[in-house]
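>>> Predicted coordinates and the sequence they were generated for:
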Amino acid sequence: MRKEQEITLIRKAREGDTAAFGEIVRRYQNLVFATAFQILRDRPLAEDAAQEAFVKAFRSLINLRTESSFPPWLRKITRNLALASRKEQRRFGALEEAGALYSPPADAGPEADREQRESDAFGEEVRRIVSSLSDALRFPVLLCHIDDLSTRDAARFLGITEGALRKRLHDGKKKLQERIVRMAEKSFQVYRLPPDFAKRCICGCQRSQAVKNGKEERG
């Protein structure tokens, strides 16, 4: 959809044309859902927030200053609603992470359980690292690399130039790489032997040899 077509649809929607707004919804529904989902981490809640965002946008089109500013305006509405929803959910308890939890078969054995726990722990750590990025870096990375959006669409939705988006993607990926490397180095500590390992081995060998020599002398 060209920008001129979008402006025409928005103007019609301002006049109450729901069919025209439906075209707008189809164009932006994935972007809006992705924005809500990255905040709420729960598919049903994100879907509700996305739907509410479009309804609120339709009712508030009269307040839109210029048609060209619609994408970032819609994103702001979505973000505010998702944040409000997350705050409300926290009043009733911890918000569950989105995604189905895999349960290995009962006969899978301890090895499968261990591998699943390691996989879950790694996935959780990666999500934590991504969440630690600032909004300015996190959203470009999520939209372009996880939700597979073009840099052009993502930039317009975020209300920045495509050049600025590419710069944020570069900075975001660099920070992610640095933090994932640090995470890997920390994980590898589990497989590193303590500094005194060789000394302890030697001492054990010496004790074993002493016991053996004592038995031979008694024999």
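That came in fine, so what should we check first? All values reported here derive from a predicted model rather than from experimental measurement.
>>> all helices of the protein, in order?
Using DSSP state H, the helices assigned to the chain run over residues 3-14, 18-40, 43-60, 70-91, 109-131, 135-141, 151-158, 162-188, 197-218.
>>> mean pLDDT for those helices: which is lowest?
Mean pLDDT per stretch puts helix 197-218 lowest among the helices of the chain, at a mean of 66.
>>> hmm, back to that, need the helices of the chain in JSON lines (columns: mean neighbour count).
To be clear about C-beta, it is placed using only N, CA and C from the backbone, and glycine gets the same treatment. Formatted as JSON lines, the helices of the chain follow (neighbours: other Cβ atoms under 10 Å):
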{"stretch": "helix 3-14", "mean neighbour count": "16"}
{"stretch": "helix 18-40", "mean neighbour count": "19"}
{"stretch": "helix 43-60", "mean neighbour count": "18"}
{"stretch": "helix 70-91", "mean neighbour count": "17"}
{"stretch": "helix 109-131", "mean neighbour count": "12"}
{"stretch": "helix 135-141", "mean neighbour count": "19"}
{"stretch": "helix 151-158", "mean neighbour count": "20"}
{"stretch": "helix 162-188", "mean neighbour count": "14"}
{"stretch": "helix 197-218", "mean neighbour count": "10"}
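>>> per the record, what domains does the protein have?
The chain breaks down into these domains under automatic domain parsing: 1-99, 132-219.
>>> Could you dump those into a markdown table with distance to R117 added?
Formatted as a markdown table, the domains of the chain follow (distance: least, Cβ to Cβ, whole Å):
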| stretch | distance to R117 |
| --- | --- |
| domain 1-99 | 15 |
| domain 132-219 | 13 |
